[in-house]
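Trainee: Got a predicted structure here, sequence first:
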Amino acid sequence: VFDAVKAIAEVACDSEVPLNLRDRLLVPLVSFANYLIQESDPEKFIASALTVFGLFLFTFEFLGCFKGRERSPCRVVLFVVAVSCNMTAWYVSENLTPVAVLQDLDAYGVQPLANEPALPKLEGKLICDGEFFRDESGRVALLRGVNLGGDSKIPAIPNMPTFEKDGFFETEDVSFVGRPFPLEEADEHLSRLRSWGFTFVRFLVTWEAIEHAGPGKYDHEYLEYVRAVIRKCAEHGISVFIDPHQDVWSRWTGGDGAPAWTLTKVGFDLEKLHESGAAFSHQMHGDPLPRMVWPTNYNRLATATMFTLFFAGDTFAPKTMIDGVSAQEYLQSHFVNAIKQVATYLKDEPNVLGYDTLNEPSTGYVGLQDLNDALFAAPLGWFISGFQGMALGAGETLTAPFFSAPHAFSRTTKLNPSGVS
């Protein structure tokens, strides 16, 4: 216990760990609670953390009474909070248990076309009216829908789930046709959604799916597939919002979105990104995969650099040129032109209500006042500062704290032990 407390205290007090003041106070409490319970289940972790906090407040209240201090409104509030924490902890541990998902498709109806509720379709374009969307008939449009779908982030041919390393660096000869599902299965999936009362989908497309073969080389087979799925949505009375999706820039930086050539054009070596610590990827790390570690790529060199160049390359790296133009202009123009291809294919589809700009974009290093701070501020996974991310990419070996859950320090780890750059 002493060794655990010492390690937690060292991390919380280490000036090189990019924790803000609030997190330096939270890390010891949450980390010690995590150490005591040794429990990875999030519901039980929350319950135990609340219990520890509640007991702390009870102790504070008890000591106050023991010393004969008069009750103050503040102490009364603390007492109520302590009771609430422990009651909530009991409720969480007793009631919030994982629910098994029913896998029997027959229970939902594989062919529920006859059961589709007779809901009115949206008419024409949506109009913004204060807090509401209205259709062209003036009716308030309540958009009830789902994302479609998560597997659109990875290629269908060859099938490359994130736990598979084979073929990870074969970046051009891939196809996203069949994501989120084969066209011949569209009626089954869409009729099921419609029978549940959904009339709207946020349809994911990625830049990589459109332009994976190289700059300006568009996958027209994929674009035709997207149009066919959108038309299937129309047959089932489902309207569509197109989502140009990304997470931490690309598959090679731990997420999805941009084609591989965006990284190589800037000068990154894809095969060294993970080993150097410039990025973290499931494919290269293997299993078991630490929980929710992918967002920490926002602190890593590759993701931060790409977003900085994309949004502010002319300011931060004006001499960085790609094929005779600035990196910012090059990346932005290719992204816009890729999405323009989607818009061109779908321009006559009446159930396409609009387009997002880009899912969850990052600002990269833009706006960071101090490179000793973290870009992704939540202490989770391998927690490093912006400057430490640069040092890793330059070939430095660093010792970094690892947080198994938000604010829950568990160990220190060496990053880039071989000094790869």
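Mentor: Nice, I can see it.

Trainee: number of nearby residues for residue 370?
Mentor: Using other Cβ atoms under 10 Å, residue 370 is surrounded by 9 other residues. C-beta: built from backbone N, CA, C; applies to glycine.

Trainee: distance of it from residue 24?
Mentor: To residue 24, residue 370 is 16 Å away according to Cβ to Cβ, to the nearest Å.

Trainee: Now tell me which helix or strand of this structure has the poorest mean pLDDT.
Mentor: Ranking every helix and strand in the chain by mean pLDDT, DSSP states H and E puts helix 105-108 at the bottom, with a mean of 48.

Trainee: how long is stretch 396-416 end to end?
Mentor: End-to-end span of stretch 396-416 (Cα to Cα, to the nearest Å): 7 Å.

Trainee: For it, what is the distance to the chain centroid?
Mentor: 20 Å (Cα atoms, centre = their mean, to the nearest Å).

Trainee: Pretty sure residue 201 sits in a helix.
Mentor: No. Counting by DSSP: H, G, I helix; E, B strand; the rest coil, residue 201 is not part of a helix but strand.

Trainee: Correct me if wrong: it contacts residue 236.
Mentor: No. Counting by Cβ atoms under 8 Å, residue 236 is not a contact partner of residue 201; they are 10.0 Å apart.

Trainee: okay, these two: which has more neighbours?
Mentor: Counted by other Cβ under 10 Å, residue 201 and residue 236 do not tie: residue 201 has more neighbours, with 25 against 20.

Trainee: What ranges does the stretch 51-200 of the chain have for its strands?
Mentor: Taking DSSP state E, counting those that start in this stretch as the test, the strands found in the stretch 51-200 of the chain are 127-129, 132-134, 145-148, 200-206.

Trainee: Pull out the buried residues from the second one.
Mentor: Within strand 132-134, the residues that count as buried by 16 or more other Cβ atoms under 10 Å are 133-134.

Trainee: on that earlier part again, can you list residues touching both of residue 201 and residue 236?
Mentor: Residues touching both residue 201 and residue 236 (Cβ atoms under 8 Å, 6 or more residues apart in numbering) are residue 193.

Trainee: which one is residue 126 nearest to, not counting chain neighbours?
Mentor: residue 133 (4.6 Å; Cβ to Cβ, 6 or more residues apart in numbering).

Trainee: show me the contacts for that neighbour.
Mentor: For residue 133, the contact set (Cβ under 8 Å, 6+ apart) comprises 126-127, 140-141, 143.

Trainee: hmm, try it at 10 Å
Mentor: By Cβ atoms under 10 Å, 6 or more residues apart in numbering, the contact set of residue 133 is 122, 125-127, 139-143, 353-354.

Trainee: Let's see the pLDDT reported for it.
Mentor: Looking at residue 133, its pLDDT reads 87.

Trainee: beta partners of it?
Mentor: Counting by DSSP bridges, residue 133 forms beta bridges with residue 128.

Trainee: Could you report the distance from it to residue 139?
Mentor: To residue 139, residue 133 is 10 Å away according to Cβ to Cβ.

Trainee: And the strands in the stretch 251-400 of the chain?
Mentor: Using DSSP E, counting those that start in this stretch, strands in the stretch 251-400 of the chain cover 321-322, 325-326, 352-355, 381-382, 398-405.

Trainee: would you list these in JSON lines and tack on distance to residue 249, mean neighbour count and mean pLDDT?
Mentor: Formatted as JSON lines, the strands of the stretch 251-400 of the chain follow (distance: least, Cβ to Cβ, whole Å; neighbours: other Cβ atoms under 10 Å; pLDDT from 0 to 100):
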{"stretch": "strand 321-322", "distance to residue 249": "16", "mean neighbour count": "16", "mean pLDDT": "97"}
{"stretch": "strand 325-326", "distance to residue 249": "18", "mean neighbour count": "14", "mean pLDDT": "98"}
{"stretch": "strand 352-355", "distance to residue 249": "20", "mean neighbour count": "16", "mean pLDDT": "92"}
{"stretch": "strand 381-382", "distance to residue 249": "17", "mean neighbour count": "23", "mean pLDDT": "94"}
{"stretch": "strand 398-405", "distance to residue 249": "21", "mean neighbour count": "20", "mean pLDDT": "93"}
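
Trainee: What's the local residue count around the residue nearest to residue 416 when sequence neighbours are not counted?
Mentor: Closest residue in space to residue 416, ignoring its immediate chain neighbours: residue 277 at 4.2 Å, by Cβ to Cβ, 6+ apart. A count of nearby residues for residue 277, using other Cβ under 10 Å, gives 29.

Trainee: Over to residue 130?
Mentor: Residue 130 has 6 nearby residues by other Cβ under 10 Å.

Trainee: distance of it from residue 317?
Mentor: Noted for residue 130: a distance of 43 Å to residue 317, by Cβ to Cβ.

Trainee: Check what pLDDT the residue nearest to residue 416 gets.
Mentor: At residue 277, the pLDDT value in this model is 96.

Trainee: Ok, residue 153 next?
Mentor: pLDDT for residue 153: 97.

Trainee: for residue 25, same thing?
Mentor: Reading off the confidence values, residue 25 has pLDDT 86.

Trainee: does it sit in a helix, a strand or a coil?
Mentor: Secondary structure assignment for residue 25 (three-state DSSP): helix.

Trainee: who are the neighbours in contact with it?
Mentor: Counting by Cβ under 10 Å, 6+ apart, residue 25 touches 12, 19, 407.

Trainee: Out of those, which is nearest to residue 162?
Mentor: residue 407 (25.9 Å; Cβ to Cβ).

Trainee: Just give the nearest non-adjacent residue to that closest one, would you?
Mentor: Nearest residue to residue 407, sequence neighbours excluded (Cβ to Cβ, 6+ apart): residue 30, at 4.0 Å.

Trainee: how near is that neighbour to residue 406?
Mentor: Residue 30 sits 7 Å away from residue 406, going by Cβ to Cβ.

Trainee: More neighbours: which of these two?
Mentor: Between residue 30 and residue 406, counting by other Cβ under 10 Å, residue 30 is the more crowded of the two (23 against 15).

Trainee: Would you confirm that the more buried one contacts residue 403?
Mentor: Yes. Between residue 30 and residue 403 there is a contact at 9.0 Å, judged by Cβ atoms under 10 Å.
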